[in-house]
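with the input below, show me the fold.
(chains A and B)
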Amino acid sequence: MLPLHTRAVISGDLSRPLLKVLDLAEALRGDVPHEQVAVQLDDGIDVDTGVLRDLGFAAVMRPGATDMRPDDALPVICGLSNIDVVNPGDVIRVRQDSGQLSVLYRRGANANSLFLTEQCNSRCLMCSQPPRDEDDLWRVRELLDLIPLIDRNLPQLGFTGGEPTLLGPLLPELIRACKAALPRTGLHILTNGRNFADPAVADSVHEAAGCTTWAIPLYADVPSRHDHVVQAAGAFDATINGIYNLAERGHAIEIRFVVHAQTLPRMQRFAEFIWRNMPFVSHVAFMGLEPMGFAKVNRDLLWVDPVDYGPALADAAWRLQDRGITTSIYNVPLCVLPKTAWPLARQSISDWKNVYDPACDGCSMRSRCCGFFASHGQAWRSRGVKAFRFDEAAE
Amino acid sequence: MKRNWTDYLKQVLGWTAPTAATLSSIWSPAQAGPLPVLLPEAHPSNTRFQPLTFVMPNRMEGPEIYIGHRSHSSHRSHSSHRSHYSSAGGYTSPSYSAPVYSPPPPPPPAPVYNAPSTVTTPSWSSPSKTTAPYQPSAPAAGSNSSGTTTAPRASQQDAIAMTMRVQVELMRLGYYKGKIDGKMGPGTKEALRAFQHAEGLAVTGVMDNATLARLGVAG
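Residues are numbered from 1 along each chain as shown, chains lettered A, B, ... in the order given. From the prediction side, this is the model:
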């Protein structure tokens, strides 16, 4: 698991906090404006940094070096506490005062997401990212700087939060920025969809149609259960109306269902509900719990050993898949799922969250398995976790 | 009604044959020619062993904008280039192709191309060579420094950046061990010559398009 933050020694004054890290050859290719590039130099190479300054580069990065060299003519970022955190292609934010260095975009990661806002209008029992009511518009401004620095060959970019529709007109602006800078990148936007119950809001994101999947959680087929899970009265109706408004306007929709004790009782009927009422959705995702945030506080309210819900989950998922709706199971290790569910199980957890249990050592299915969230601990450990021998996996 | 199978077959072949011929003319080695692919035994056997390769041809036809570059360490005029450059929108373009650097417009074609007494069409006007209009004046660029003919030339900034790219690649390939400084010094020239010699290119010691293409730093 590779962290997203580390500390660095910064000498000289950086002109901007966001920098694209590139090796010398790629930096000189000129795909990225020089003034936004930190040129990563390996220890062995002798480069005239004065020339790099004349060419307009922002900084030099020597991850392993302890300090700048006497003849360095540019601001130097060096002395990284963990030199593996940053690699060429990444976009970093450097805090000059504290020396904190954060990776905002990681080249080659299996999932890159933009964190839009901490605000939310729901309070889901298992929320892994508890909302905070703070003015965080600075995030949007930073993202508008970040988006043009992302690699143009990125296949998919996620928007997450918080509830992005609370940004009002800034959400369409971010979508426009992505379409302009990353015309070949698909967007995957996580929202509870409630604000799209207002047709004007649904109209405002019309530019997203065709390049975006809206990932909308729905936790039951009835309002009472869904509203309880998201802790907001009227949420079910608003979400359903939002889904229909988006679908009517040609948007692609993914339905997300987090499996836990509060949603499990309606899971089969939920699958039936999707099939009967929204067969137009492009994807249904059943997800295991991420033991973070509110989920930790509400552990006793939510916990069901995945081994116990595995057969029911396989049944609900196949019920949809068999009827032509693409269906996936996320965040549940293969060993706790019945083998019938394996074809639907995806290896999905973001690189930087993903860990494996000690029991996974020597498991022959490991390369196909999603593993566990880094926050997983004893309280969240299924009794079904085990390693597969080669012959078992071969079946 | 009975179908005439001979006619039907002719029709099918009549449709596929031109397509196949087009495909073969694109994808087979140049010297193979548009042979009918429906008869594979008609191919000269040696053509089958020539793999289809791309040697970065995109740079080859453009103007030679880097061969005249001499990097004077005392040259300070590039600060003016720089301001000019940023006013043109910064370094946003990844391409080193001619239009980006807005080379001076070519001289009016009439005086230049009417001079030869022959009435044959100049080669650059053939439709396949759309990028070639600057080519005729390029050879004069190196010798004629008085500036009467305005050959396209990379700006000082671009030339320095390109020299550094060449140095990086020559270092990666083991031809160059010096400092990456963007200066076309004796060490860099020597490394260029060694590379050109090893690759069977014309040993010029300058950054001509063929060498840039072979180094993979074109465009």
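
so where's chain A shaky on pLDDT?
Where chain A drops to pLDDT under 70, the residues are A:1, A:349, A:351-353, A:391, A:393-395.

could you do chain B as well?
Looking along chain B with the criterion set at pLDDT under 70, you get B:1-3, B:12-61, B:68-152, B:219.

for A:R184, give me its contacts.
The contact partners of A:R184, taken as C-beta atoms under 8 Å, 6 or more residues apart in numbering or on different chains, are A:152-153, A:155. No exception for glycine: its C-beta is placed from N, CA and C like everyone else's.

quick one: it and A:C211, what's the gap?
Separation of A:R184 from A:C211 (C-beta to C-beta, to the nearest Å) stands at 9 Å.

what is the nearest of the contacts of A:R184 to A:T165?
A:P155 (24.5 Å; C-beta to C-beta).

burial measure for that closest one, as a count.
8 (other C-beta atoms under 10 Å in any protein chain shown).

please apply the same query to A:V284.
Neighbours of A:V284 using other C-beta under 10 Å come to 26.

so who does the residue nearest to A:A235 when sequence neighbours are not counted touch?
Leaving out its chain neighbours, the residue that sits closest to A:A235 by C-beta to C-beta, 6 or more residues apart in numbering or on different chains is A:D227, at 5.1 Å. The neighbours of A:D227, taking C-beta under 8 Å, 6+ apart as the test, are A:233-236.

from these, which land in helices?
A:235-236 (DSSP state H).

how about the contacts of A:D227 in CSV, adding neighbour count and distance to A:R141?
Output for the contacts of A:D227, formatted as CSV (neighbours: other C-beta atoms under 10 Å in any protein chain shown; distance: C-beta to C-beta, whole Å):
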residue, neighbour count, distance to A:R141
A:A233, 12, 34
A:G234, 11, 32
A:A235, 25, 30
A:F236, 23, 34
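
convert stretch A:57-76 to CSV, retaining C-alpha atoms only.
What follows is stretch A:57-76, C-alpha atoms only, in CSV (Å, rounded to 0.1, in the frame of the first residue of the first chain):
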residue,chain,number,x,y,z
PHE,A,57,10.7,25.1,-15.4
ALA,A,58,9.3,25.5,-11.9
ALA,A,59,11.5,23.3,-9.8
VAL,A,60,13.9,20.4,-9.7
MET,A,61,13.0,17.2,-7.7
ARG,A,62,15.8,15.0,-6.3
PRO,A,63,13.8,12.5,-4.2
GLY,A,64,16.8,10.8,-2.6
ALA,A,65,19.2,13.7,-2.1
THR,A,66,19.4,15.2,1.3
ASP,A,67,19.9,18.8,0.2
MET,A,68,20.2,21.0,-2.9
ARG,A,69,23.4,21.2,-4.8
PRO,A,70,25.4,24.4,-4.6
ASP,A,71,25.0,25.2,-8.3
ASP,A,72,21.2,24.5,-8.4
ALA,A,73,19.5,27.5,-9.9
LEU,A,74,15.9,26.4,-9.3
PRO,A,75,13.8,25.6,-6.3
VAL,A,76,14.7,22.0,-5.2
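
could you verify my assumption that A:G371 touches A:A359?
No. The pair A:G371 and A:A359 fails to qualify as a contact (C-beta atoms under 8 Å) at a distance of 11.4 Å.

which of those two has more residues huddled nearby?
Relative neighbour count places A:G371 above the other of A:G371 and A:A359, with 21 against 13, counting by other C-beta under 10 Å.

and the more buried one, how far from chain B?
37 Å (C-beta to the nearest C-beta, to the nearest Å).

list the contacts for that residue?
For A:G371, counting by C-beta under 8 Å, 6+ apart, the contacting residues are A:333, A:347, A:349, A:354-357, A:360.

A:L14: neighbour count?
18.

wait, I meant A:P358
So A:P358, with other C-beta under 10 Å, has 7 neighbours.

how close does it sit to A:Q378?
From A:P358 to A:Q378 the distance is 11 Å (C-beta to C-beta).

find the residues that touch each one of the two.
Counting by C-beta under 8 Å, 6+ apart, nothing touches both A:P358 and A:Q378.

doesn't A:C78 make contact with A:T66?
Yes. Assessed by C-beta under 8 Å, A:T66 is found in contact with A:C78 at 6.7 Å.

for the two, indicate the residue with more neighbours.
Using other C-beta under 10 Å as the criterion, A:T66 and A:C78 rank with A:C78 on top: 21 against 8.

for that one, name its beta-bridge partners.
A:V9, A:R62 (DSSP bridges).

still on that earlier bit, dihedrals phi and psi, the residue nearest to A:A235?
As for A:D227, its main-chain torsions (degrees, to the nearest 10) stand at phi -60, psi -30.

now swap in A:I255 and tell me
According to degrees, to the nearest 10, A:I255 has phi -100, psi 130.

what about it, how many residues nearby?
26.

repeat that for A:D203.
12.

follow-up on the earlier one: restrict the contacts of A:R184 to those near chain B?
Contacts with chain B are made by none of those, judged by C-beta under 8 Å from any C-beta of the partner chain.

ok, so of those residues, who is nearest chain B?
A:R152 (10.0 Å; C-beta to the nearest C-beta).

state the helix or strand in which A:D31 lies.
Secondary structure from DSSP states H and E places A:D31 outside every helix and strand.

count of neighbours near it?
A:D31 has 17 nearby residues by other C-beta under 10 Å.

check the one 3 residues further on too.
Neighbouring residues of A:H34 were enumerated by other C-beta under 10 Å; the total is 21.

how about it: what's its closest non-neighbour residue?
A:G56 (4.0 Å).

for burial, what's the neighbour tally of the one you found?
18.

against B:A161, how distant is it?
For A:G56, the distance to B:A161 - C-beta to C-beta - is 10 Å.

parallel or antiparallel, which strands does whatever helix or strand A:A215 lives in pair with?
Using DSSP H and E, A:A215 maps to strand A:212-217. Neighbouring strands of strand A:212-217 in its sheet, by DSSP bridges, are strand A:186-190 (parallel), strand A:252-258 (parallel).

what residues does the stretch 101-250 of chain A put near chain B?
Counting by C-beta under 8 Å from any C-beta, no position of the stretch 101-250 of chain A is adjacent to chain B.

so where do the helices sit in the stretch 101-250 of chain A?
For the stretch 101-250 of chain A, helices defined by DSSP state H, counting those that start in this stretch occupy the ranges A:137-146, A:170-181, A:199-204, A:223-230, A:235-248.

residue contacts, A:A252?
Going by C-beta under 8 Å, 6+ apart, the list of residues near A:A252 reads A:212-214, A:282.

again, but for A:V304
A:259-261, A:264.

three-state assignment of it?
Put simply, A:V304 is coil when judged by DSSP: H, G, I helix; E, B strand; the rest coil.

thanks a lot, see you next time.
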